[in-house]
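Participant: Following is a predicted model, sequence given first.
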Amino acid sequence: MPSINIGLIGLGTVGCGVVKTLQKNQASIKEQTGLDLNLKKIADIDLERERPVNVPKEMLTANVNDILDDPEIDVVIELIGGYSPAKEFVLKAVENGKFVVTANKALIAKHGLEILEAARKNNVDVYFEAAVGGGIPLLLPMGLSLSANRIESIYGILNGTCNYILTKMTKEGKSFETALKEAQEKGFAEADPALDINGSDSMHKLVILASLANRCFFNEKDVFVEGIEDISQKDIQYANELGYCIKLLAIAKFEKEQLSLRVHPTMVPKEHMLSKVENEVNAVFLRGDIVGDLLFSGKGAGMMPTASAVVADLINVAQDISNELKQNVRLIGFEGGKKIKTLSIDEIESRYYLRIEAQDKPGVLAKFSEALGGFGISISSVIQTEDPETKTVPVVITTHRAKESAVKKAIEKIEALDSINGKVKLIRIADL
């Protein structure tokens with residue numbers, strides 16, 4: 001029986017899940033694949049911390065080169081996250097002729113082209129199923145099973161922390177701050193949740209999905225990013241009244257042969273499938289020109305769901321090595337320098353929700369209508385309710401489809417009026 005030697009870099013939460021999975025299912029993996037996956041060495045900077053797995057001490061090392069320079073190790077699993085030193089470790093692994101499996105979405109989003117070019121040059125593969133959507137089988141189906149399709153649009157709920165917070169705000173009426181604290185207490189959010197709630201985590205995953213769907217590389221600067229920090233309970237309640245729920249969506253959508261890439265809070269119709277995705281669950285709703293609409297959904301993070309994807313990649317890699325099918329699977333075909341022009345956020349067209357805190361004066365609504373109409377923006381609905389505590393009148397306006405640049409100019413004109421308090425709140429409405 002062929003034996004594949006594995007080196008694991010990073011024995012954190014997911015790393016422990018990988019070890020647990022290999023220990024638990026080693027026999028069934030052998031039976032299904034005819035391969036012996038031998039975890040030979042584990043590198044981590046902290047070898048003393050207690051972990052929920054038992055491994056022989058001789059398997060552990062604090063020196064990553066014990067893995068990268070070992071000629072007997074066939075596959076390196078990188079699970080330390082971040083850009084550096086993860087990039088240096090992965091590049092050294094492929095330069096030494098080792099296949100790589102990683103869950104590092106930030107690394108692939110920023111340095112994926114360089115890494116995959118290095119892998120191709122050295123006749124090895126880099127797999128990264130676990131980088132997007134945790135345990136959801138997503139990248140291989142998109143890259144292979146849907147290769148007959150042009151992917152016209154992708155709408156993704158890609159961050160469990162944000163989805164948990166927005167679910168608690170919607171279902172239980174909690175404030176953003178209370179829901180975030182609860183997410184941290186339950187382990188769904190980091191002590192410093194900035195990369196989750198500001199949209200950066202979803203942005204990294206969207207870069208990977210868009211690159212995969214279009215078989216060319218995009219990067220971080222191609223994506224407009226807005227987080228959920230400013231979503232209030234007022235917005236949640238008005239969304240509900242209008243027939244929507246608010247989700248942080250990562251969107252890749254063709255508009256006039258240009259690709260719009262954006263991450264932002266979005267109002268989703270209650271009857272749509274994505275509105276039913278709650279708590280820490282992730283989901284990707286995509287439309288192919290041949291297959292039509294598909295929904296992928298499941299646990300997008302956590303020890304065991306992510307480990308499931310890592311070990312699935314490991315099995316695929318091991319089979320490639322055993323069958324001498326190096327470079328058999330190229331998820332992203334980057335040869336030929338294919339480029340697709342991206343659309344700036346100002347050029348998109350959408351429907352919009354605007355919340356304006358207005359003073360209770362005659363003719364105020366007419367001035368708002370005039371400002372919007374002056375830029376060709378048509379009003380779809382208006383909600384106006386007096387707030388007895390502040391003596392202001394929250395005015396909620398939804399628009400028909402309009403160009404974002406025009407909406408922003410209208411907002412500037414509205415904010416210049418002396419009859420409003422603060423800034424106008426804008427949330428885009430999904431066109432699904």
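Facilitator: Received it, and whenever you're ready, just let me know what you need.

Participant: Walk me through the domains of the protein.
Facilitator: 3-134+303-322, 139-299, 348-429 (automatic domain parsing).

Participant: Could you say which one of those domains comes nearest to Lys339?
Facilitator: Each of the domains of the chain has some distance to Lys339 by CB to CB; the shortest is domain 139-299, at 6.3 Å. In this view, the C-beta of every residue, glycine as well, is placed from N, C-alpha and C.

Participant: which stretches of the chain have low pLDDT?
Facilitator: Judged by pLDDT under 70, the chain has its weakly predicted residues at 1, 325-338, 387-390.

Participant: Which parts of it are helices?
Facilitator: Counting by DSSP state H, the segments of the chain that form helices are 13-33, 65-68, 86-95, 105-121, 139-140, 160-172, 176-185, 194-197, 200-214, 233-242, 303-322, 364-373, 404-415.

Participant: Highest mean neighbour count out of those helices?
Facilitator: Counting by mean count of other CB atoms under 10 Å, helix 200-214 has the highest mean neighbour count of the helices of the chain, with a mean of 25.

Participant: Tabulate the helices of the chain (a markdown table), appending distance to Ala250.
Facilitator: Listed next are the helices of the chain as a markdown table, based on distance: least, CB to CB, whole Å:
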| stretch | distance to Ala250 |
| --- | --- |
| helix 13-33 | 21 |
| helix 65-68 | 33 |
| helix 86-95 | 22 |
| helix 105-121 | 11 |
| helix 139-140 | 14 |
| helix 160-172 | 10 |
| helix 176-185 | 19 |
| helix 194-197 | 13 |
| helix 200-214 | 4 |
| helix 233-242 | 19 |
| helix 303-322 | 18 |
| helix 364-373 | 28 |
| helix 404-415 | 17 |
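
Participant: nearest to Val395, of those helices?
Facilitator: When the helices of the chain are compared by CB to CB, helix 364-373 sits nearest Val395, at 6.4 Å.

Participant: What is that closest one packed up against?
Facilitator: strand 349-359, strand 379-384, strand 392-399, helix 404-415 (3 or more CB pairs under 8 Å, 6 or more residues apart in numbering; DSSP states H and E).

Participant: Is it possible to get TSV of the ones you listed that adds distance to Leu314?
Facilitator: Below are the helices and strands packed on helix 364-373 laid out as TSV (distance: least, CB to CB, whole Å):
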stretch	distance to Leu314
strand 349-359	41
strand 379-384	51
strand 392-399	48
helix 404-415	43
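
Participant: Among the domains of the chain, which comes closest to Lys341?
Facilitator: Proximity to Lys341 (CB to CB) singles out domain 139-299 among the domains of the chain, at 4.9 Å.

Participant: give the contact list for Thr392.
Facilitator: For Thr392, the contact set (CB atoms under 8 Å, 6 or more residues apart in numbering) comprises Glu357, Ala358, Gln359, Asp360, Glu386, Asn421.

Participant: out of the domains of the chain, nearest to Thr342?
Facilitator: Counting by CB to CB, Thr342 lies closest to domain 139-299 out of the domains of the chain; the figure is 4.6 Å.

Participant: Now do the end-to-end distance for the closest one.
Facilitator: 15 Å (CA to CA, to the nearest Å).

Participant: Just the buried positions in stretch 34-42, please.
Facilitator: For stretch 34-42, burial by neighbour count (16 or more other CB atoms under 10 Å) applies to Leu35, Leu37, Leu39, Lys40, Lys41, Ile42.

Participant: residues of stretch 67-87 that come out buried?
Facilitator: 67-68, 70, 73-80, 86-87.

Participant: neighbouring contacts of stretch 12-26?
Facilitator: Applying CB under 8 Å, 6+ apart, the external contacts of stretch 12-26 come out as 8, 11, 29, 37, 39, 42, 44, 51-53, 55, 77, 79-80, 103, 130, 302-304, 306-308, 310-311, 314.
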